[in-house]
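S.K.: need a structure here:
(one chain, ligands or ions: 1)
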Amino acid sequence: MSFKILGTGSCLPKRSVTNEELSQFLDTSDEWISQRVGIKARRICTTETTADLAVGAAKAAMEMSGVTADELDFILCATVTADNTTPSLACSVQSMIGATCPSMDINAACSGFIYLLETAAAFLSMKHERILIIGAERLTRVVDWTDRSTAVIFADGAGAMVLGKGDSYISSKLVAKGGDTVLSIPSFHGTSPFYEVEPKKPYVHMSGQEVFKFAVNAMCNDLADVIEAAGLTMDDIAWVIPHQANARIIDAAVRKFGIKPERCLKNIETTGNTSAASVAILADELFRSGKLKDGDYIAMAAFGAGLTSAACVIKWDGN
Ligand code: ACO
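M.R.: This next block holds a predicted model:
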C-alpha cells in the first residue's frame with residue numbers, strides 16, 4: 001500500500017490581513033499574537049470560495065505532474081469548510097476542472113491531509129492509477145469574529161497532490177479519540193420548530209490549553225512511532241512538515257523530540273492555521289524550493305478536532 005507523488009500545488013487567497021488590522025476591531029495586539037501564536041499575517045478570502053482555492057491548488061499540482069483531468073481516477077478532498085454540505089467539495093472541484101472520475105470528501109479536521117494520503121495509498125493498491133488529493137479550507141467562515149482567542153489563529157488556503165503508483169509511502173499512523181469538548185465547530189442548527197435543545201453557535205469552540213497539550217504529545221508520539229516503523233531515526237529525516245496550528249506547539253515539539261530547527265518547516269507567520277490545507281501547502285513550498293534531494297525522507301505530523309492526529313514518513317522519489 002503506497003504511492004508516488006507526481007505533482008504538488010497550493011493556492012492562497014489574494015488578501016493578506018496583518019495583526020495590526022485585526023487589532024483595529026479586536027482587543028488584541030501584534031505583540032500578543034506574535035508571541036503566543038507566531039502569526040504576523042494570514043490570508044483571508046474576500047471573493048474566493050473553498051472550491052476556488054481547491055481548484056487553484058489542483059491545477060498547479062496537475063500541471064506539475066503532467067496528469068490531465070480526464071486521466072484522474074479519483075478526487076479526494078479533506079475539509080471542514082466545504083462551500084456546501086452537499087455537493088461535496090470534491091464534486092465541485094470535479095466539475096470545475098472538467099474531470100469525470102468518482103469524487104468524495106473526508107473530514108478529519110487538521111489531520112485530514114494525512115488521512116487523505118492513507119486513503120489514496122489504499123485506493124492506489126487497488127485498480128486506481130492516478131488520484132488527486134486536496135486539503136482546502138475557508139476557516140474564516142466558521143470563526144466568531146468577536147472571539148479574539150480564535151479569530152487571530154485561523155486562515156484560508158488549499159494544497160494538493162497528484163499521486164500515482166509507487167513506493168514513497170514508507171510508514172503511517174492515524175489516531176482518533178472521539179469527543180467534542182476540546183475543539184469543535186457545531187453545524188448550523190436549522191430552524192425546526194420541533195427541536196427542543198438550545199443550539200450551539202456554529203463557530204469554532206476551542207479550549208486552547210487542552211489543544212496545546214494534546215498537540216505536543218500527539219506530534220511527538222506519532223512522529224516517534226512512524227520513524228521507528230520506517231526503520232529510521234530522527235537523524236535520517238531530512239524534513240519535518242508539521243501542521244501549522246501555532247508556532248509555540250511546533251517549537252515545543254522541536255525541543256521535546258530533538259528535531260533540528262532548520263529541518264522543521266514553518267510558514268505560519270504569513271499563512272496562519274489553514275487546518276487540512278496546512279501540511280499540503282508546506283509540502284508544495286518544499287517540493288518547489290529545489291531543496292529536496294532524491295531519497296530524502298520527509299516526516300509529516302498533524303493533529304486536530306476529533307480529536308484526531310496523524311503522521312507519516314515519505315521517501316522523495318524525484319524520478
Ligand atoms: N489577544 C490578546 N489577549 C488574548 C487573546 C488575543 N488574541 N486571546 C486570548 N487572550 C487573553 C485571554 O483572554 C487571557 O486573558 P486573561 O488572563 O485576562 O483571562 C490571556 O490572554 C491568556 O489566555 P489563555 O487562553 O490562557 O492563553 P494561552 O497562552 O493559552 O494562549 C492560545 C491561547 C494561543 C489559543 C493557546 O492556548 C494555544 O496556542 N493553544 C493551542 C490551540 C491552537 O493552536 N489551536 C489551533 C487550532 S486547533 C488545530 O489546528 C488543531
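S.K.: and the residue in the stretch 101-250 of the chain that the ligand sits nearest to, how far is that from F303?
M.R.: Nearest residue of the stretch 101-250 of the chain to the ligand, counting by C-beta to the nearest ligand atom: G208, 2.7 Å away. Backbone N, C-alpha and C define where each C-beta goes, glycine included. Between G208 and F303 the computed distance is 14 Å (C-beta to C-beta, to the nearest Å).
S.K.: near E210, how many other residues are there?
M.R.: 13 (other C-beta atoms under 10 Å).
S.K.: ok but it is inside a helix, no?
M.R.: Yes - the assignment for E210 by DSSP: H, G, I helix; E, B strand; the rest coil puts it in a helix.
S.K.: which ones are touching the residue nearest the centre of the chain?
M.R.: Compute the mean C-alpha point of the chain, and by C-alpha atoms, centre = their mean the closest residue is A276, 2.5 Å away. Under the criterion of C-beta atoms under 8 Å, 6 or more residues apart in numbering, the contact list for A276 reads 78-80, 108-113, 135-137, 304.
S.K.: and what of P199?
M.R.: P186, H189.
S.K.: hey, where'd the strands end up in the stretch 201-319 of the chain?
M.R.: All strands of the stretch 201-319 of the chain, identified by DSSP state E, counting those that start in this stretch, fall at 205-206, 237-242, 297-304, 308-315.
S.K.: remind me what the second one packs against, helices and strands.
M.R.: Which is strand 237-242. helix 208-229, helix 247-257, helix 278-289, strand 297-304 (3 or more C-beta pairs under 8 Å, 6 or more residues apart in numbering; DSSP states H and E).
S.K.: which stretch in those has the least confidence?
M.R.: Per-segment mean pLDDT for these reaches its minimum on helix 247-257, at a mean of 91.
S.K.: got the CA positions of it in PDB?
M.R.: C-alpha atoms of helix 247-257 as PDB (Å, rounded to 0.1, in the frame of the first residue of the first chain):
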ATOM      1  CA  ALA A 247       4.400  28.200  16.300                       C
ATOM      2  CA  ARG A 248       4.800  27.500  20.000                       C
ATOM      3  CA  ILE A 249       3.300  24.000  19.600                       C
ATOM      4  CA  ILE A 250       5.800  23.300  16.800                       C
ATOM      5  CA  ASP A 251       8.700  24.800  18.800                       C
ATOM      6  CA  ALA A 252       7.700  22.700  21.900                       C
ATOM      7  CA  ALA A 253       7.700  19.500  19.700                       C
ATOM      8  CA  VAL A 254      11.100  20.500  18.200                       C
ATOM      9  CA  ARG A 255      12.600  20.800  21.700                       C
ATOM     10  CA  LYS A 256      10.900  17.700  23.100                       C
ATOM     11  CA  PHE A 257      11.700  15.500  20.200                       C
END
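S.K.: tell me the helices and strands packed up against it.
M.R.: Packing partners of helix 247-257 (3+ C-beta pairs under 8 Å, 6+ apart): helix 208-229, strand 237-242, helix 268-271.
S.K.: pull out the buried residues from the lowest-mean-pLDDT helix or strand in the chain.
M.R.: Least confident helix or strand of the chain, by mean pLDDT, DSSP states H and E, is helix 247-257 with a mean of 91. Neighbour-count burial for helix 247-257, counted by 16 or more other C-beta atoms under 10 Å, picks out A247, I249, I250, D251, A252, A253, V254, F257.
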